[in-house]
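Visitor: Just to be clear, the model below is a prediction. Sequence and coordinates:
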Amino acid sequence: MEHIVRILDIHNVTHNVKQFIVEKPDGFTFTPGQATELSINQPQWEGQRNPFTFTCLTDEHYLEFTIKIYNDHPGVTNHLGELEVGDELILREAWGAIEYKGPGYFIAGGAGITPFIAILRQLNQQGAIGDNKLFFSNKTDEDIILAAELKSILGKNALFTITNQKDSAHDQRRINEDFLKTEVKDFNKHFYVCGPDAMVQEITGLLEKLGAKSDAVIFEK
């Protein structure tokens, strides 16, 4: 089922990430962590479907998407970055394998944080954040999406790693086998992994090698 929804607000989150607030159709539901396929409601763009994750709480009266804009080629996200309040998107049903199944470790690379934003916000709203931990890898400090909010939700359990900025104040390790051995205290917990395909493949493989149960490693297959 398709819904045509208006953009209500657009604002910058980082130098290349924008948040889009859009209308929420009556009765529309999603589970935190899920995505949908969006299209831009313009003649030359309406046939191009791209997956984007909901980052709002489920009970909000609007929908929110936090989207990395790629200006280096004339694709959908580049054009999304040119849209204005009042422009329309085509929204479809929610789908996706990433949802909260219990306490554990969230491992994200870059824009791969987006499914975890809704999950962590929802847990925080419910007072159920517990001892969940986040390992969030980015190239530079300015690439970290919603750094202040993630720190306010998770405190010391939000660990940012920076891989391409020597003067970063954050950790500068890659999330690799040594990192996981050092930072993961319990491989019997749940693991939520999202990021570039190569990163997801590498980390899910390492987690199973280190003793995580395959059905406790949650990622978009």
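Guide: Okay, I see it.

Visitor: Now the element after the least confident helix or strand in the chain by mean pLDDT, going C-ward?
Guide: Lowest by mean pLDDT, DSSP states H and E among the helices and strands of the chain is helix 76-80, with a mean of 93. Next along the chain after helix 76-80, taking DSSP states H and E as the criterion, comes strand 88-91.

Visitor: now for the next helix or strand after that next one, which elements pack on it?
Guide: The first helix or strand that comes after strand 88-91 along the chain, using DSSP H and E, is strand 104-109. Packing contacts for strand 104-109, counted by 3 or more CB pairs under 8 Å, 6 or more residues apart in numbering; DSSP states H and E, involve helix 114-125, strand 133-138, strand 190-194, helix 197-209. Heads up, the C-betas are built off the backbone N, CA and C, glycines and all.

Visitor: With distance to Ile4 as added columns, please give those in CSV.
Guide: Below are the helices and strands packed on strand 104-109 laid out as CSV (distance: least, CB to CB, whole Å):
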stretch, distance to Ile4
helix 114-125, 23
strand 133-138, 34
strand 190-194, 28
helix 197-209, 31
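
Visitor: can you list these in CSV and add mean pLDDT?
Guide: Formatted as CSV, the helices and strands packed on strand 104-109 follow (pLDDT from 0 to 100):
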stretch, mean pLDDT
helix 114-125, 98
strand 133-138, 98
strand 190-194, 98
helix 197-209, 97
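
Visitor: quick revisit: for the least confident helix or strand of the chain, give me every contacting residue.
Guide: Lys18, Phe20, Ile40, Trp45, Gln48, Asn50, Ile67, Lys68, Ile69, Tyr70, Asn71, Asp72 (CB atoms under 8 Å, 6 or more residues apart in numbering).

Visitor: Quick check: buried residues in it?
Guide: Applying a neighbour-count criterion of 16 or more other CB atoms under 10 Å, one finds Val76, Thr77, Leu80 buried in helix 76-80.

Visitor: Let me know the angle separating the top strand by length along the chain from strand 133-138.
Guide: Assignment by DSSP state E gives strand 3-14 as the longest strand of the chain. For strand 3-14 against strand 133-138, the angle by axes from the mean of the first three to the mean of the last three CA atoms, to 10 degrees is 80 degrees.
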